[in-house]
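Trainee: Fold the following for me, if possible:
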Amino acid sequence: MKRYKPLYVEKYKLSDKWFETVKESYNKKIDGYDIMTVNVPMFFEAVLRVDGYIPLIKNKLEEFFNKYKTKTRELKEVVNLLQKEFSTFNFVFKYSQYDSTNDKDKSGINELQFAKSTKDNSFAIFVWYNEYLANILIGGNFRRFKEKFLILSEHELIHVAQYISVQTDEIRDKIFKSKDNTDFIKYLSNKHEIMAYAKTIIEELRFGGYKNSDILNAIKYRQNEKSQILDTYIYHFEYKDEEVLHRLYKYIYEYLKG
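Mentor: Next up, the predicted model:
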């Protein structure tokens, strides 16, 4: 099963057991999301790399600044612009009162948190901002915002990678445990699973450094080196049930184009 390469880089033999979840009292539920700490099952002694993803966010930040810079704006307008531009990367901007212990550099950001949906397999990265966010498009303030945003994003993207690793591991488990392919094919063909995996495929490819245009080319030509889930769908449905692939590609396209 060499085609199912893990997203993580294995340093040592992985244990069959998961880390224990943190106490429920430590978690919070906000707007249909569980704020996750280390309670996402993760692999022992595994190195998860986000080197390919960070440049995508960095480029998006630069595009955002060049598009909206120099004009004085209200806080609400800045937040709406950020949400519009970064929703495709699963960032959700949430207000948090200014905390000098978390925002000493007046970047406009207090913290970022990975959150898993309580309804499905989707996730978000909450960006907790304060009043200083209104000033990021003026003068040299954007540099402070960008630096802190990238540093905190890198940490939360590790949690995203851990979560995706669990999803891809579940697919491998279903492959190995199935006596035949019937149940597994039925599972992959379910439109709700297709929609969920479409989002995961996008994230897998982004961890590989794929831009939106690269992702669209990957599904157009059915070639990629970074998404084992996309490979799984192509392997099982190409020339056999093209309707499933068309639905998958449709969801990917809609997620990317909005």
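
Trainee: only C-alpha atoms for contact and neighbour calcs from this point on.
Mentor: Will do.

Trainee: and stretch 107-123, average pLDDT?
Mentor: The pLDDT scores in stretch 107-123 average 87.

Trainee: Using CSV, write out every CA atom in that stretch.
Mentor: Taking C-alpha atoms only, stretch 107-123 is exported to CSV below (Å, rounded to 0.1, in the frame of the first residue of the first chain):
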residue,chain,number,x,y,z
SER,A,107,-0.5,43.7,16.5
GLY,A,108,-4.3,43.4,16.8
ILE,A,109,-4.2,39.7,17.6
ASN,A,110,-4.5,38.1,21.0
GLU,A,111,-4.2,34.4,19.9
LEU,A,112,-5.2,31.8,17.4
GLN,A,113,-7.0,28.5,18.2
PHE,A,114,-7.8,25.4,16.2
ALA,A,115,-11.4,24.3,16.4
LYS,A,116,-13.2,21.2,15.2
SER,A,117,-16.9,21.4,14.1
THR,A,118,-19.4,19.6,16.4
LYS,A,119,-21.5,18.8,13.3
ASP,A,120,-19.2,17.3,10.8
ASN,A,121,-15.5,16.8,9.9
SER,A,122,-14.9,20.5,9.1
PHE,A,123,-12.6,22.7,11.2
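
Trainee: Can you tell me how far residue 165 is from residue 191?
Mentor: Relative to residue 191, residue 165 is positioned 21 Å away (C-alpha to C-alpha, to the nearest Å).

Trainee: mind giving me the domain ranges of the chain?
Mentor: 1-158, 178-257 (automatic domain parsing).

Trainee: got the end-to-end distance for stretch 231-248?
Mentor: So stretch 231-248: terminal residues 12 Å apart, C-alpha to C-alpha.

Trainee: All the helices of the stretch 1-150 of the chain, residue numbers only.
Mentor: 54-68, 75-86, 141-177 (DSSP state H, counting those that start in this stretch).

Trainee: What's the mean pLDDT across the longest one?
Mentor: Average pLDDT, helix 141-177: 83.

Trainee: got the buried residues for the next helix or strand after it?
Mentor: Counting by DSSP states H and E, the next helix or strand C-terminal to helix 141-177 is helix 182-189. Applying a neighbour-count criterion of 16 or more other C-alpha atoms under 10 Å, the buried positions in helix 182-189 are 184, 188-189.

Trainee: repeat for stretch 132-140
Mentor: Neighbour-count burial for stretch 132-140 [16+ other C-alpha under 10 Å]: 132-137.

Trainee: and those, which two are the farthest apart?
Mentor: Pairwise distances across the buried residues of stretch 132-140 peak at 10.6 Å for 132 and 137 (criterion: C-alpha to C-alpha).

Trainee: For residue 167, see how far away the closest residue in space to residue 218 that isn't next to it in sequence is.
Mentor: Nearest residue to residue 218, sequence neighbours excluded (C-alpha to C-alpha, 6 or more residues apart in numbering): residue 224, at 5.5 Å. Going from residue 224 to residue 167 by C-alpha to C-alpha gives 19 Å.

Trainee: longest strand of the chain?
Mentor: Scanning the chain for the longest strand, with DSSP state E as the assignment, gives strand 109-117.

Trainee: so what secondary structure elements neighbour that strand?
Mentor: strand 33-35, strand 123-129, helix 141-177 (3 or more C-alpha pairs under 8 Å, 6 or more residues apart in numbering; DSSP states H and E).

Trainee: closest one to residue 69 among those?
Mentor: Of all these, helix 141-177 comes closest under C-alpha to C-alpha, at 8.9 Å.

Trainee: buried stuff in the closest one?
Mentor: Applying 16+ other C-alpha under 10 Å to helix 141-177 flags 141-142, 145-146, 148-150, 152-154, 156-168, 171-172, 175 as buried.

Trainee: So which helix or strand of the chain has the lowest pLDDT on average?
Mentor: strand 9-10 (a mean of 37; mean pLDDT, DSSP states H and E).

Trainee: Thank you, goodbye.
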